[in-house]
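> this one's sequence-less:
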């Protein structure tokens with residue numbers, strides 16, 4: 001297995017895996033999201049606001065994880081205001097329970113530290129929650145959500 005950073009040229013593969021992840025989480029693929037995903041990831045790469053890691057085995061991507069970088073106003077709990085949102089966490093079912101997701105989270109932590117990110121956050125599926133908690137994430141009720 002080989003781990004590498006994804007690039008702008010990998011956007012079609014990022015989209016393919018993102019859709020697998022969403023379906024795996026129980027969401028129904030009842031709308032076409034390719035164009036919106038392509039625009040989003042293209043913008044993130046152009047703005048250098050994404051760190052996406054790929055795990056490859058036999059020239060096939062079998063796992064991925066990413067951080068989307070955000071700047072919030074500085075606060076007492078986050079002096080710089082820089083935060084990273086962990087997303088696109090997915091491992092092919094044939095490769096699960098081998099520590100791959102844990103390794104990717106460790107690598108994302110290091111990438112975040114190198115970029116001066118002081119806080120990471122994520123939305124956890126019921127299947128991923130234990131992996132995140134073992135990696136030091138703490139469940140909070142900090143966020144409220146509103147659909148417009």
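Thanks, I have the structure now. Model, not experiment: these values are computed from the prediction.

> buried stuff in the longest strand along the chain?
For the chain, the strand with the greatest residue count under DSSP state E is strand 60-71. For strand 60-71, the neighbour count (16 or more other CB atoms under 10 Å) marks 61, 62, 63, 64, 65, 66, 67, 68, 69 as buried. For the C-beta atoms, the positions are set from N, CA and C on the backbone; glycine is no exception.

> Please identify which of these is nearest to residue 5.
residue 66 (10.0 Å; CB to CB).

> Correct me if wrong: that closest one contacts residue 90.
No. When contacts are counted by CB atoms under 8 Å, residue 66 is not listed as touching residue 90 (9.8 Å).

> Pull the most distant pair out of the buried residues of strand 60-71.
62 and 69 (25.0 Å).

> can you give me the helices for the chain?
Using DSSP state H, the helices found in the chain span residues 11-24, 34-46, 100-114, 129-134.

> quick one: which of the ones you listed is nearest residue 54?
helix 11-24 (7.5 Å).

> Please tell me I have it right and residue 24 contacts residue 92.
No. The criterion here is CB under 8 Å, and residue 24 misses it with residue 92 at 10.0 Å.

> Low-confidence regions, the protein specifically.
For the chain, the stretches with pLDDT under 70 are 125-128, 130, 132, 137, 141-148.

> Centre-most residue in it?
Geometric centre of the chain, nearest residue: residue 87, 2.2 Å, by CA atoms, centre = their mean.
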